[in-house]
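Asker: For reference, the sequence and a predicted model appear below.
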Protein chains: 2
Amino acid sequence: MSEVFAVRRNHLRDRCAATGSEAALVSRPANVRYLAGGAPPGAVLLLGGAGGGDDVLLCPRTPGGDPADGRPDESLRLTVLSTPGGDPAVAAADLLAAAGTGSLAVEENHLTVARHRAMGSVAPRLRLDGLAGAVEQQRIIKDEEEISCLRTAAEIADQALGELLESILVGRTERHLALELERRLVDHGADGPAFATSVGTGPNSGRGKHRPSDRRVEEGDFLSVCLGANYRGYRCEVGRTFVIGTAPADWQIELYDLVFAAQRAGREALAPGTACRDVDRAARQVVDAAGHAEALAETTGHGVGLEIDEDPQLAPAAMGKLDACVPVTVEPGVHLPGRGGVRIDDTLVVRPEADGGPELLTITTKELLAL
Amino acid sequence: MSEVFAVRRNHLRDRCAATGSEAALVSRPANVRYLAGGAPPGAVLLLGGAGGGDDVLLCPRTPGGDPADGRPDESLRLTVLSTPGGDPAVAAADLLAAAGTGSLAVEENHLTVARHRAMGSVAPRLRLDGLAGAVEQQRIIKDEEEISCLRTAAEIADQALGELLESILVGRTERHLALELERRLVDHGADGPAFATSVGTGPNSGRGKHRPSDRRVEEGDFLSVCLGANYRGYRCEVGRTFVIGTAPADWQIELYDLVFAAQRAGREALAPGTACRDVDRAARQVVDAAGHAEALAETTGHGVGLEIDEDPQLAPAAMGKLDACVPVTVEPGVHLPGRGGVRIDDTLVVRPEADGGPELLTITTKELLAL
């Protein structure tokens, strides 16, 4: 297993060399975990540059640590700072200055101005370059090991959701349903929820990222649920919308069919080589054509992995094309203020036609169930 | 209520004027909430400088938002960006450039290098100064409104913990106990947990920030629990350690008495005008004298409020003195590798002797209960 991380680090080291940086400092936790196998709280990963040029995982001097952040690759040198409250990024700059290293690429989209300045002041001769999202780019295409973690995460989320559907829902609050879902995720082996579980009923249904309230489920409500499991650091997402009790009203069926058609169009557009914006357009134009353009969020999907929202983005202005082995969500939703709405959200892996096309990880039914 | 926020903003505006900045940009969510009454995700608060010099809350163009982040003060101008994916901090710099403002103080301990640079490139003539933790300083002393939120948060945490103690514990996992505590927090009116609830059993007991595992509670275990409620954004903390089943072993009684004595010494040292490091020393020297110096964390307590860990820090190297109306935790803990340990954690408000001394918010008993 530990070679995987060494290979990833070599890849990044080569990229830095190509852009003229002698060393790289990775501070964003998900990136540290991707390259080091684990990310102790506050740890930073220094690639090359320090005496002998071997990699070092620098950790702050704090007891504890979080198993869910994984076990760092044993082949990696691990240094715990001796000074309480010291900043590992500053310690890294210090190391490089002592080693006479000339340049260091840092994550400018993560490092704060204050930390960056502190690094500059301990190592005035060290040129600080930008890493420009290099690790995020590296993370986009997943290996089969990563995909199998996502597959397990999706199975766990499907199980938790399936059990909820078998229970009595009327009269329970959004908050309690969300908490029960999160408990079930853990019951089924998740390290925790992948993100704050969202449960929306009635007028709250179909709202993206709706924070569960004390509203209780009522007969005739739309109920929309969005949850995901964190399994070994990998995070998936599944979202479904149901009707409560009696048969759905005409407007509910109409709205559901619309969002379902948009979501299917998005799923069917997933293929290696397809532009991300074209996948977004496929889903978006269905909703636009029905006159609900304004109701749609800015993205209709996004990558998932060690973070729940990572590249690629499926949006009108998105650049770039999809590759095989890229897991993404397809999650259009339409919310009608005051009435409620529908959101359907799957996690899929982009696969070539020859391999059967997109692999659906979240298999909970998408027919409009009346519960 | 809305005057409170206006007064806080005026105070910060005066401080900026004094340090020679024409305007201030607050981006750290807890600081935005403190000054604006609410913090929509990604919103930044611009104080002065923009045309007419009135304050503006700039929000990214994303649907949704989070009620738990509070309702922004209605007297505040609220602007939602028109461009999808736009950065409100950059939009603020743009506004100021248009208004011909000369200087802006920003939160360098929160703003990333990339955002800071983007601001500089849209407003090359705008001088970017540092706000140097001005809002964090302002937040240290709480008003009675804030303290009553903390009092309610503490009551909720005490209730959740009290109910757990009445239930059967043997055979249940750390994870399930933690999830049940978080459900009870919400049952009793919390917006959510103040931080990830920690439950440690047997060898895991007494570890600071221990992440709940699948270990089950056994007879004779130490069980240590640390939880807190988030009530209207204000976060408290309570930690207790118990023995399971039979009478505690001698080493357990000895260790418990030691940590209890250290924690009491810390609590009793709380007074307006006392140096933060002296409060830490009061607790620390009890543990040191028993030869467990190494087992102690770097801090024995910290401020609480809109964040669970804020200034002041109670640590050997901490600067500054305590004031009245400053809520802090006192939470020494000793963990013996392989055996387990004890952690006792209270949230108190510093009060003058004349007002009866420190106000204990978390009133769950601290005697060593055998459950």
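Answerer: Received the coordinates, thanks. Numbering: from 1, shown residues only, chains lettered A, B, ... in the order given.
Asker: Flag every residue of the stretch 101-250 of chain A that's near chain B.
Answerer: By CB under 8 Å from any CB of the partner chain, the residues of the stretch 101-250 of chain A that approach chain B are A:106, A:108-114, A:116-117, A:130, A:175-176, A:179, A:182-183, A:186, A:207-211, A:213. (C-beta placed from N, C-alpha, C; glycine too.)
Asker: Return a ChimeraX selection command for the buried portion of the residues you listed.
Answerer: Remark: buried members of these, expressed as a ChimeraX selection using 16 or more other CB atoms under 10 Å in any protein chain shown:
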select /A:106,108,110,111,112,113,114,116,130,175,176,179,182,183,186,207,208,209,210,211,213
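Asker: Strands - which of the residues of the stretch 101-250 of chain A next to chain B land there?
Answerer: A:106, A:130 (DSSP state E).
Asker: name the helices or strands packed onto the helix or strand hosting residue A:149?
Answerer: Using DSSP states H and E, residue A:149 sits within helix A:144-165. On a contact count with 3 or more CB pairs under 8 Å, 6 or more residues apart in numbering or on different chains; DSSP states H and E, helix A:144-165 meets helix A:174-187, strand A:222-227, strand A:229-231, strand A:234-235, strand A:238-243, strand A:346-349.
Asker: For the last one, the averaged confidence score.
Answerer: Summarised as a single mean, pLDDT over strand A:346-349 is 98.
Asker: how far is whatever helix or strand comes next after that strand from where the chain is centred?
Answerer: Sequence order places strand A:359-360 as the next helix or strand after strand A:346-349, per DSSP H and E. Counting by CA atoms, centre = their mean, to the nearest Å, strand A:359-360 is centred 17 Å from the centre of its parent chain.
Asker: Just the CA atoms of the worst-scoring helix or strand of chain A on mean pLDDT, as PDB, please.
Answerer: Ranked by mean pLDDT, DSSP states H and E, the weakest helix or strand in chain A is strand A:77-80, scoring a mean of 88. The C-alpha trace of strand A:77-80 is given here as PDB (Å, rounded to 0.1, in the frame of the first residue of the first chain):
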ATOM      1  CA  ARG A  77       9.800  10.300   7.900                       C
ATOM      2  CA  LEU A  78       7.600  11.800  10.600                       C
ATOM      3  CA  THR A  79       8.800  14.800  12.700                       C
ATOM      4  CA  VAL A  80       6.900  16.200  15.600                       C
END
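Asker: outside of that strand, which residues touch it?
Answerer: Residues from elsewhere that reach strand A:77-80, judged by CB atoms under 8 Å, 6 or more residues apart in numbering or on different chains: A:54, A:55, A:56, A:57, A:58, A:59, A:60, A:61, A:72, A:91.
Asker: Need the max-distance pair from the residues you listed.
Answerer: Farthest apart among those by CB to CB are A:54 and A:61. That separation is 21.5 Å.
Asker: so how far is chain B from residue A:325?
Answerer: When CB to the nearest CB, to the nearest Å is the yardstick, residue A:325 and chain B sit 26 Å from each other.
Asker: what ranges do the helices span in chain A?
Answerer: Ranges of helices in chain A, per DSSP state H, are A:2-18, A:29-36, A:88-99, A:113-122, A:134-139, A:144-165, A:174-187, A:250-269, A:276-289.
Asker: and residue B:265, which of those helices is closest to it?
Answerer: Closest approach to residue B:265 among those (CB to CB): helix A:88-99, 32.4 Å.
Asker: Give me the buried positions along the closest one.
Answerer: So, applying 16+ other CB under 10 Å, buried residues of helix A:88-99: A:88, A:89, A:90, A:91, A:92, A:93, A:94, A:95, A:96, A:97.
Asker: So which elements touch that helix?
Answerer: Looks like helix A:88-99 contacts strand A:23-26, strand A:44-47, strand A:56-59, strand A:103-106, helix A:113-122 (3+ CB pairs under 8 Å, 6+ apart).
Asker: With mean pLDDT as extra columns, can I get those in TSV?
Answerer: Below are those laid out as TSV (pLDDT from 0 to 100):
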stretch	mean pLDDT
strand A:23-26	96
strand A:44-47	96
strand A:56-59	93
strand A:103-106	96
helix A:113-122	97
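Asker: My guess is residue A:218 contacts residue A:244. True?
Answerer: Yes. Taking contacts as CB atoms under 8 Å, residue A:218 lies within contact range of residue A:244: 6.8 Å.
Asker: Which neighbours do the two have in common?
Answerer: A:170, A:201.
Asker: who has more neighbours, those two?
Answerer: residue A:244 (20 against 14; other CB atoms under 10 Å in any protein chain shown).
Asker: So the more buried one sits against residue A:220, correct?
Answerer: Yes. Using CB under 8 Å, residue A:244 makes contact with residue A:220 at a distance of 6.4 Å.
Asker: So for stretch A:135-153, what gets flagged as buried?
Answerer: Of the residues in stretch A:135-153, A:135-136, A:139-142, A:146-147, A:149-153 count as buried by neighbour count, 16+ other CB under 10 Å.
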